[in-house]
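**Student:** Any chance you could fold what I've pasted below:
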Amino acid sequence: MIVQVRGRMPKWCSPTCRTRASERRRAAAEGLAAVKVVDRDVERVRTVKVVQHHTHQVEVEVVRWPSATTDWVTALRDLTRRVESGRVYDRDLEGLAEAVNELVGALVRRGRRG
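**Tutor:** Presented below is the predicted three-dimensional model:
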C-alpha cells in the first residue's frame with residue numbers, strides 16, 4: 001500500500017483487512033488461532049517492541065528498503081502488480097506517477113552520459 005506524504009498513516013489497507021484482523025484478534029483471545037503481526041512499510045527503520053504472552057507466539061516482519069539492484073527490481077515489479085490489481089488507492093496514483101516519471105527521467109539522463 002502506498003501512503004500519502006501528508007496526513008495520518010492508515011492502519012488498514014481496506015475494510016476487508018480491518019474485518020479479518022478483528023476476527024483474528026477475537027479468535028486469538030479465545031485461544032482458537034495464533035496472531036500474526038505484520039509491520040507496515042515505512043521510509044525509516046524503527047525498532048518494534050513485541051510483548052509475548054506465554055501462551056501466544058507473535059511474529060513480526062520488519063520491512064527494509066532494498067539494498068541491491070535485484071531487490072529494487074523485485075520491489076518495482078511488485079509495485080506494478082499492486083497497481084494493476086487495484087491494491088493502490090486511486091488518490092495515490094498521481095504522486096506515484098510523478099515519482100516513477102522522475103525515476104525514468106534519471107535513467108534516461110544516466111544513459112546519455114554513458
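
**Student:** Any figure for the gap between Thr19 and Lys49?
**Tutor:** 27 Å (CB to CB, to the nearest Å). Bear in mind the C-beta positions are built from the backbone N, C-alpha and C, glycine included.

**Student:** Find me the pLDDT at Arg6, would you?
**Tutor:** You'll see Arg6 listed with a pLDDT of 77.

**Student:** And it, how close does it get to Asp78?
**Tutor:** Between Arg6 and Asp78 the computed distance is 25 Å (CB to CB).

**Student:** higher neighbour count, those two?
**Tutor:** Neighbour count, other CB atoms under 10 Å: between Arg6 and Asp78, Asp78 has more, with 10 against 5.

**Student:** following the lowest-mean-pLDDT helix or strand in the chain, which helix or strand comes up?
**Tutor:** One helix or strand of the chain scores below all others by mean pLDDT, DSSP states H and E: strand 36-38, with a mean of 67. Using DSSP states H and E, the helix or strand that follows strand 36-38 towards the C-terminus is strand 59-61.

**Student:** tell me which residues in the next helix or strand after that next one are buried?
**Tutor:** Scanning forward in sequence from strand 59-61 by DSSP H and E, the next helix or strand is helix 69-84. Buried residues in helix 69-84, counted by 16 or more other CB atoms under 10 Å: Val83.

**Student:** No further queries at this time; thank you.
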